[in-house]
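>>> Okay, sequence plus prediction incoming.
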Amino acid sequence: MAIVPRDTTTILGIKAAVTGSTLLIAGGMANTSLSFIPNLIKAAQTMPSTRPSMSRLESGRLTPHPDGGNISAAHAAANEGYQMPAKQFVNMSKTAFATQVPPELLSIAASGYLAYHYRQLGASFAGYKWTAVAVLIASIFPFTGALMVPIDHKIAQIGGVEEKPEPYEDAPLDRHAERRNAVEFLRKWNSLNTLRSAIMFVAGGIGLWSLVEE
């Protein structure tokens, strides 16, 4: 068995950076699933009060009003009830992409380098560990692209951030169905994000194992 020299300061720094970055991203994903998304779901489920005021009632009918009166106000309130959480989700998704993807790519490259480094030194097991870290982090991209990005677009359409396909040109919008869809999509995305954070925690755990053991 080849004697593996102790890690240099540079190698230790790379290992610490990869491990810390991976665990930090995993923690952010977990916080999103445990706190942020449940709050959005709760907000989307809340039915706003749309009862018209008595000043706008006359003989059981809404009094006509130049700006649309309470009907427009009620529709606007109903929209805000589920569209605002959808818009907040889109903002969160954009921020997460900008802040998480660059360090993920750097971590993949650094883990690949560490795997190569240890293989060259004859430390096959250490090389396998860092290969596993690189593969786990890299798996986040097809996982996100295939399963989560389509849901991102659906939520963005509900929030009015993206245009949605209209099956019938004159079909009225079913706001109750839209609300149910918003809640369903947020829940489904949250379940996938929980799994995604678990993958990152496993990758970070392997990195931490290697950092402590080597």
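The structure has been received and is ready for your questions.

>>> How about Glu163, nearest residue that isn't a chain neighbour?
Using C-beta to C-beta, 6 or more residues apart in numbering and skipping the chain neighbours, the partner closest in space to Glu163 is Gln157 (7.1 Å). Any C-beta I mention is one placed from the backbone N, CA and C, and that applies to glycine too.

>>> Check the secondary structure at the one you found for me.
Under DSSP: H, G, I helix; E, B strand; the rest coil, Gln157 falls in the helix class.

>>> Can you give me the neighbour number for it?
Neighbour count for Gln157, taken as other C-beta atoms under 10 Å: 18.

>>> Apart from its neighbours in sequence, what residue is nearest Gln83?
Nearest one to Gln83, counting by C-beta to C-beta, 6+ apart, is Gly159 at 5.1 Å.

>>> pretty sure Thr131 is touching Ala115, no?
Yes. Using C-beta atoms under 8 Å, Thr131 is in contact with Ala115, at 4.3 Å.

>>> more crowded one of the two?
Applying other C-beta under 10 Å to Thr131 and Ala115 shows that Ala115 carries more neighbours, namely 21 against 18.

>>> next helix or strand past the helix or strand harbouring that one?
Following DSSP states H and E, one finds Ala115 within helix 69-121. Using DSSP H and E, the helix or strand that follows helix 69-121 in sequence is helix 124-143.

>>> okay, the angle between that following helix and helix 69-121?
Helix 124-143 and helix 69-121 meet at an angle of 160 degrees, taking axes from the mean of the first three to the mean of the last three C-alpha atoms, to 10 degrees as the criterion.

>>> Residues contacting stretch 128-146, please?
18, 22, 104, 107-108, 111-112, 114-115, 118, 192, 195-196, 199-200, 202-203, 206-207, 209-210 (C-beta atoms under 8 Å, 6 or more residues apart in numbering).

>>> Please list only the buried members of those residues.
Among the contacts of stretch 128-146, those classed as buried by 16 or more other C-beta atoms under 10 Å are 18, 22, 104, 107-108, 111-112, 114-115, 118, 192, 196, 199-200, 202-203, 206-207, 210.

>>> Tell me how many other residues crowd the nearest residue to Phe89 once chain neighbours are set aside.
Among residues not flanking Phe89 along the chain, Ile155 sits closest, at 5.3 Å (C-beta to C-beta, 6+ apart). Counted with other C-beta under 10 Å, residues neighbouring Ile155 total 24.

>>> Next: the one 5 residues further on.
Here the count is done by other C-beta under 10 Å, and Gly160 has 13 residues near it.

>>> Would you confirm that it contacts Tyr82?
No. Checked against C-beta under 8 Å, the pair Gly160 and Tyr82 is beyond contact range at 10.6 Å.

>>> Please report how far Val90 lies from Gly204.
27 Å (C-beta to C-beta, to the nearest Å).

>>> neighbour count winner among these two?
Remark: of Val90 and Gly204, Gly204 carries more neighbours, 24 against 20, as counted by other C-beta under 10 Å.

>>> Can you give me the distance of that one to Leu186?
From Gly204 to Leu186 the distance is 26 Å (C-beta to C-beta).

>>> got it, and Pro150?
Pro150 is 14 Å from Leu186, by C-beta to C-beta.

>>> Between those two, which is the more surrounded one?
A count of neighbours by other C-beta under 10 Å puts Leu186 above the other of Pro150 and Leu186, at 25 against 11.
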